[in-house]
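Asker: Okay, here's the prediction I keep looking at, along with the sequence it came from:
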Amino acid sequence: GGISGLPNQCLINSYLPGQGIDAHSDGPRFKAEVAILTLEGPALMYFGLVEKKAYPLHPQRLEVLLEPRSLLVMSGEAYELYVHRIDHAKVDITRAGEEIP
C-alpha cells in the first residue's frame, strides 16, 4: 500500500548522526497516516505500545530499520496505538545485537 488521498501536512527534517527523536505520537492534528522518506543514512525507529493492558495480544515493542532511499507508511493501529522514536546514538544496535552504522 501507499498513502490514501492527499496529505494535510508536509514536514522535512534533517538529522545529524547522533541526533534522534524522543518518543512521541503525532496526534489528532494530523491525518492519521504518516509517510517517512529516508534519504541518507540508515536509522532504527522504535515503536512502543502505549496501552499494554488494553491490547495484550499486540507486540509491546517493535523496531524498524529505515534504509536509505526507503519509504515507511504508518497508519491505522501503528499510528493510533504506538509511540515512535529514534535513539540519540551515532550507531544503532538492534535487539538482536546487530550494529547499524
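Answerer: Alright, I've got the coordinates. Just so it is clear, the structure is predicted and the values come from calculations on it, not from any experiment. Numbering: from 1, shown residues only.
Asker: So, low pLDDT: which residues of the chain?
Answerer: Scanning the chain for pLDDT under 70 picks out the ranges 1.
Asker: quick one, strands of it?
Answerer: 21-24, 33-38, 43-49, 61-66, 70-75, 82-86, 92-93, 99-100 (DSSP state E).
Asker: what's the offset of the second one from the middle of its chain?
Answerer: What it means is strand 33-38. Computed by C-alpha atoms, centre = their mean, to the nearest Å, the chain-centroid distance of strand 33-38 equals 8 Å.
Asker: Quick check: neighbours of that strand in the sheet, parallel or antiparallel?
Answerer: Counting by DSSP bridges, the strands paired with strand 33-38 are strand 70-75 (antiparallel).
Asker: next one: the last one
Answerer: With DSSP bridges as the test, strand 99-100 is paired with strand 92-93 (antiparallel).
Asker: which residues are contacting the partner strand?
Answerer: 42, 43, 44, 99, 100 (C-beta atoms under 8 Å, 6 or more residues apart in numbering). For the C-beta atoms, the positions are set from N, CA and C on the backbone; glycine is no exception.
Asker: would you list the residues you listed in TSV and tack on neighbour count and distance to residue 66?
Answerer: Formatted as TSV, these follow (neighbours: other C-beta atoms under 10 Å; distance: C-beta to C-beta, whole Å):
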residue	neighbour count	distance to residue 66
42	13	6
43	22	5
44	19	7
99	8	15
100	15	10
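Asker: Mind picking the two most distant members of the residues you listed?
Answerer: 43 and 99 (13.0 Å; C-beta to C-beta).
Asker: follow-up on the earlier one: quick one: closest of the strands of the chain to residue 9.
Answerer: Among those, strand 33-38 sits nearest to residue 9 (C-beta to C-beta), with 9.5 Å.
Asker: and the angle for the closest one with strand 43-49?
Answerer: 150 degrees (axes from the mean of the first three to the mean of the last three C-alpha atoms, to 10 degrees).
Asker: Give me the contacts around strand 33-38.
Answerer: So strand 33-38 is contacted by 2-4, 7, 26, 45, 66-75, 79 (C-beta under 8 Å, 6+ apart).
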